[in-house]
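> Coordinates for the following, if possible.
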Amino acid sequence: MHPFPHRYQVTVGATPEGALQLNAEGLTEIASLPPPQFGGPGGYWSPETLLLAAVGDCMMLTFRAIAKGSRFEWRELSANVEGLLERIDGNSRFTRIETRVRLVVPAGTDPARARKLLEKAEQGCPISNSLTAERHLECEVVESA
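Below you'll find the predicted structure:
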């Protein structure tokens, strides 16, 4: 890992109509439009879905690092991230983000340890830690054969 601080840069391009183009050096371009809730056509990433994807992605990458450092064996991790966007004092903002994770582990794994590592990953995610929304984590630990 590189020493802090880290800097990240994204370029966003727009015209009066059509999708915005999100770019970062060395990455595939992403098209973005408003979600249907804001009158968009659907079928595109939006700022709202990108934010929730970042929360889930960050939590999972943090878990991967913590599990490796803890020598914790696991098979698969999936997450469903849901955000509640509300209008408060004339401004729209996410007030709650719920992350539901499903962790598949080898038979005989201590489920309490698995949950503890998942909670540590959620608490250690710099994306979630940068947000003011209330956060809630639900963990399902499943043993594989």
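> where does the residue of the chain positioned farthest from its centre fall, helix, sheet strand or coil?
Going by Cα atoms, centre = their mean, the residue of the chain most distant from its centre is residue 16, 29.8 Å out. Here residue 16 is recorded as coil under DSSP: H, G, I helix; E, B strand; the rest coil.
> what's the answer for the one 10 residues further on, then?
For residue 26, the secondary-structure state derived from three-state DSSP is coil.
> Distance check, it against residue 10.
12 Å (Cβ to Cβ, to the nearest Å). C-beta coordinates here come from the backbone N, C-alpha and C atoms, glycine included.
> Please identify the helix or strand for residue 81.
Secondary-structure element containing residue 81, defined by DSSP states H and E: strand 76-88.
> Can you tell me what sits against the lengthiest strand in the chain?
Identified as the longest strand of the chain according to DSSP state E is strand 91-106. With Cβ atoms under 8 Å, 6 or more residues apart in numbering as the contact definition, strand 91-106 has outside contacts at 51-52, 55-56, 59, 73-86, 88, 111, 114, 118, 122, 128, 131-144.
> Repeat the analysis, applying 6 Å as the threshold.
Residues from elsewhere that reach strand 91-106, judged by Cβ atoms under 6 Å, 6 or more residues apart in numbering: 55, 73-86, 114, 118, 133-144.
> now stretch 119-130
Residues contacting stretch 119-130 (Cβ under 6 Å, 6+ apart): 54, 55, 58, 59, 62, 63, 66, 135, 137.
> could you give the angle of the top helix by length along the chain to strand 76-88?
Of all the segments of type helix in the chain, defined by DSSP state H, the longest one is helix 47-69. Using axes from the mean of the first three to the mean of the last three Cα atoms, to 10 degrees, the inter-axis angle of helix 47-69 relative to strand 76-88 is 140 degrees.
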